[in-house]
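Engineer: predicted structure and sequence below. I'll ask about it afterward.
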Amino acid sequence: MVKPRLVLVLGDQLTTEIAALRAADKARDVVVMAEVMDEARYVPHHPKKIALVLAAMRKFAAALEAEGRQVAYARLDDSDNAGSIPGELLRRAEAFEADEVIATTPGEWRLIEALDELPLTLHQHPDDRFLCSRSEFANWAEGRKELRMEWFYREMRRKTGLLMEGDDPAGGNWNYDADNRKPASDDADPPEPLSFAPDDTVDQVLDLVEERFGGHFGDLRPFGFATDRKQALKVLDHFIEHGLPKFGDYQDAMLSGEPMLWHAVISPYLNIGLLDPLEVCQRCEQAWQDGKAPLNATEGFIRQIIGWREFVRGVYFLEGPDYARRNALNHQRGLPDLYWGGETRMACMAEVVAQTRKYAYAHHIQRLMITGNFALLAGIDPAEVHEWYLSVYADAYEWVEAPNTVGMSQFADGGIVASKPYVSSGNYIAKMSNYCRDCAYDVKAKSGETACPFNLLYWYFIDRHRDRFEDNPRMKVIYRNWDKRDEDDRAQILREAEAWLDQLSKGKTV
Ligand code: FAD
Ligand code: DLZ
Ligand code: SF4
């Protein structure tokens, strides 16, 4: 008799199109899926994220069985659960007398290395849910002095034909960001996000997660995520109809009590396989062709998916396993408790952390220009910042989270993802949000008792990293402006910034 092979399907590989399933023989091979403590605990994931992954895994396994596949599924509370992905593969290998594993390359070096070490024959297939393979990205990157997303993005437009008119970009421009980035007014009326009442499978998972991971940062209930493909497609349709038309205009806006605004909230589904990136973009393009969405919104949205999403994945794999531990600016301060909900007088930070706790979601500008900006200005150890982002968001997987956090947000890769650090004073936050209105600090005050900490820390950052950034063409003006200021003013700002950081490090409420 021919031995069966084990077909590994991880919790973020939940599509029948995944390479390992395509390579498998339905009649011969056994699909292995495992809920394991190692994956639930390598960082303290938000309970909503764990529930989403486990519920989606259970439903996907049931769908595979319904189409005639043999599935060996381990539940987290099974008494013989081995506790890790390699452990589960070994257990199943023994039970099925199998010695070969078919896998799709995992999205994290940690698991790639763990699979490589297995004493089983591993047939690894590239994860071709992405438009750009690892080798294609490496070829594109080879010989370039710097990697810039915009050039990569144009290649992806040409490759996919998305928003192309022959060899030219639709409408004549590759990028319509000049029409985007408007602040939203207080009376903005964004669409209600879709939410799904838990069915029996989800209910069982919620009870399990509550019992096992109730102590993790984050509210488990109410839980309204889509947990199967049909539901995820509804979220996509909802976004295209109600969100996409204004996505471009308000992409960077932030409003208290409106965490999602006109964003799609589809990254959790894209990243676990319930939605496919190309299908998402093609549907958006169709909406534009049908006159249902403007070009600036459609282009901006498609750029995030075939541009940024593919680009950061390319960088993660190009740079190798040490990427998430880089610390180019040598920032050493510990992550303050306010990231875990500790009290703070900064309204912007309190708002973004509170919504993160509640929804396991924050949109890009909140992640980049509030929590990320603050961590960078305050000189927090990027490894701790990385661990926080990997824990608290429902869409967080290392291949996408690390380059965004370590690279784009903390400049800890020395400028591979970002050509200059994403830092700003309170001014930007005041312009793009309504957070400052209810803050104990005064965004207009540049120094003194009530000065907005982002103002103090901004100049402190600029001053302390002069050697690295002074000659950056995009930062020269900033240094000129700083140097033009009165010497006493500069000294006062630096003194106050240091005193403020000292309070932060002592765990005082700031
Ligand atoms: P929308 O704003 O509606 O955008 C549509 C889609 O574009 C997203 O669903 C996402 O798939 C893609 N996208 C947009 N920006 C990026 C980007 N910079 N990188 C990759 N894809 C992008 N995204 C994750 O998917 N997982 C993460 O762990 C993650 N961590 C981040 C950490 C930091 C510090 C920063 C600054 C950004 C991070 N992002 C991450 C990117 C981005 O913030 C999220 O993809 C986005 O907020 C998801 O919400 P949405 O689906 O409503 O996105
Ligand atoms: C995120 C996650 C969680 C919480 N649990 C599981 C699990 O129990 N079993 C599993 O196969 N995958 C899980 N995942 C997703 C993995 O962590 C993910 O596949 C790796 O991080 C690689 O991207
Ligand atoms: Fe944030 Fe400063 Fe505005 Fe307060 S004043 S909300 S700390 S930017």
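Structural biologist: That came through, no problem. Ligands and ions are numbered 1, 2, ... in the order given.
Engineer: state the mean pLDDT of stretch 348-368.
Structural biologist: Average pLDDT, stretch 348-368: 98.
Engineer: ditto for stretch 487-498
Structural biologist: For stretch 487-498, the per-residue pLDDT averages 98.
Engineer: kindly report the same for stretch 273-285.
Structural biologist: The model assigns stretch 273-285 a mean pLDDT of 98.
Engineer: the nearest residue to residue 40 once chain neighbours are set aside - how many residues pack around it?
Structural biologist: Closest residue to residue 40 apart from its sequence neighbours, by CB to CB, 6 or more residues apart in numbering: residue 50 at 5.4 Å. All C-beta spots, glycine's among them, are computed from the backbone N, C-alpha and C. The number of residues packed near residue 50 is 27, by other CB atoms under 10 Å.
Engineer: ok, residue 50 touching residue 37?
Structural biologist: No. Using CB atoms under 8 Å, residue 50 is not in contact with residue 37; the gap is 10.7 Å.
Engineer: ok, residue 62 - how many residues close by?
Structural biologist: The burial count for residue 62: 13, using other CB under 10 Å.
Engineer: repeat that for residue 313.
Structural biologist: 21.
Engineer: ok, the one 10 residues further on next?
Structural biologist: When counting by other CB under 10 Å, one arrives at 22 neighbours for residue 323.
Engineer: mind checking how far it is from ligand 3?
Structural biologist: 30 Å (CB to the nearest ligand atom, to the nearest Å).
Engineer: quick one, what contacts that residue?
Structural biologist: Counting by CB atoms under 8 Å, 6 or more residues apart in numbering, residue 323 makes contact with 315-316, 402-403, 406-407, 413.
Engineer: next one: residue 386
Structural biologist: 324, 401-402, 405-406, 410.
Engineer: can I assume residue 114 is in contact with residue 88?
Structural biologist: No. Using CB under 8 Å, residue 114 is not in contact with residue 88; the gap is 11.4 Å.
Engineer: the two: who's more crowded?
Structural biologist: Ranked by neighbour count (other CB under 10 Å), residue 114 and residue 88 place residue 88 first, with 25 against 17.
Engineer: so where does that one fall, helix or strand?
Structural biologist: Element membership for residue 88 (DSSP states H and E) is helix 85-96.
Engineer: got the CA positions of that helix in CSV?
Structural biologist: What follows is helix 85-96, C-alpha atoms only, in CSV (Å, rounded to 0.1, in the frame of the first residue of the first chain):
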residue,chain,number,x,y,z
ILE,A,85,3.2,22.3,14.9
PRO,A,86,6.3,20.1,14.6
GLY,A,87,5.0,18.0,17.5
GLU,A,88,1.7,17.5,15.8
LEU,A,89,3.3,16.5,12.6
LEU,A,90,5.4,13.9,14.4
ARG,A,91,2.4,12.5,16.2
ARG,A,92,0.4,12.2,13.0
ALA,A,93,3.4,10.7,11.1
GLU,A,94,3.5,7.9,13.7
ALA,A,95,-0.3,7.4,13.7
PHE,A,96,-0.5,7.3,9.8
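Engineer: pull the following helix or strand past it out as PDB, backbone CA atoms only.
Structural biologist: The first helix or strand that comes after helix 85-96 along the chain, using DSSP H and E, is strand 100-104. What follows is strand 100-104, C-alpha atoms only, in PDB (Å, rounded to 0.1, in the frame of the first residue of the first chain):
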ATOM      1  CA  GLU A 100       6.600  12.800   4.100                       C
ATOM      2  CA  VAL A 101       5.100  16.200   4.600                       C
ATOM      3  CA  ILE A 102       3.700  18.500   2.000                       C
ATOM      4  CA  ALA A 103       3.700  22.100   3.200                       C
ATOM      5  CA  THR A 104       3.200  25.700   1.900                       C
END
